[in-house]
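Q: Sharing a model prediction with you, sequence too.
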Amino acid sequence: MELGLKDRVVIVTGAASGIGKAIAEAYAKEGAKLALADLNLEGLNALKTELKNNEVYIEKVDVTDEKNCKDFIENVAEHFGKIDVLCNNAGTALMGDIATFPEETFRKHAELMMYAPVRLTNLCIPHFKKNGWGSVVNTASIFGKQPGGLISYDTIKA
């Protein structure tokens, strides 16, 4: 499928495994240049090796850390000279009962899946304006509409 993404610079968070890895692979098939972020550097290195026909920049990034996010976006812009697409995918989930689910864990999940995408989007907007083009993709979930037993995940995705 031709989506007009050849040579576009695409950032994918949570890219080392699961849905994020599949997203990175799909963008790679479209000929995008990839900037991949995750806490799992080993997984990122493996994916970079797998995507050998694409230009891939990887960085271990904690998207819940403001400075880490700023540094990553600056590094991507410096490496590629531009940023075209931000795919906010990083996430996590825990089964739990609302009566026993730790508030601190809920806050960490909100930082990861709610506030980090806003932060990263705001950091990318100046690059989109400079390009005259940009796109933000946020990974959602069916559990935003129906319960799945994942207290923080369900609530944040809704």
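A: In hand now; what should we look at? Numbering: from 1, shown residues only.
Q: Where do the helices of this structure begin and end?
A: Ranges of helices in the chain, per DSSP state H, are 18-29, 41-50, 66-80, 103-110, 116-131, 151-157.
Q: I'd like to know how many residues surround D65.
A: By other CB atoms under 10 Å, 14 other residues sit near D65. (C-beta placed from N, C-alpha, C; glycine too.)
Q: any idea how far it is from L112?
A: 11 Å (CB to CB, to the nearest Å).
Q: Likewise for F101?
A: Relative to L112, and taking CB to CB, F101 is found at 15 Å.
Q: Same drill for the two, tell me which one is more crowded.
A: Counted by other CB under 10 Å, F101 and L112 do not tie: L112 has more neighbours, with 20 against 15.
Q: contacting residues around the residue nearest to the more buried one when sequence neighbours are not counted?
A: In space, and not counting its chain neighbours, L112 is closest to T64: 5.3 Å by CB to CB, 6 or more residues apart in numbering. T64 is in contact with 108, 111-112, 115-116, counting by CB atoms under 8 Å, 6 or more residues apart in numbering.
Q: same check, this time on H127
A: 73, 77, 82-83, 134.
Q: repeat that for 10 Å
A: Neighbouring residues of H127 by CB atoms under 10 Å, 6 or more residues apart in numbering: 9, 11, 73, 76-77, 80-84, 86, 134.
Q: Kindly report the same for Y57.
A: Applying CB under 10 Å, 6+ apart, the residues contacting Y57 are 9, 11, 33-37, 44, 48, 72, 75-76, 78-80.
Q: So which of those residues is the closest to E25?
A: L34 (9.6 Å; CB to CB).
Q: and the nearest residue to the closest one once chain neighbours are set aside, how many neighbours?
A: Distances taken as CB to CB, 6+ apart put V56 closest to L34, at 4.7 Å, once the chain neighbours are dropped. Using other CB under 10 Å, V56 is surrounded by 20 other residues.
Q: sorry, back to before: can you tell me how far the residue nearest to L112 sits from A90?
A: With CB to CB as the criterion, T64 and A90 are 9 Å apart.
Q: Fine by me, we can end here.
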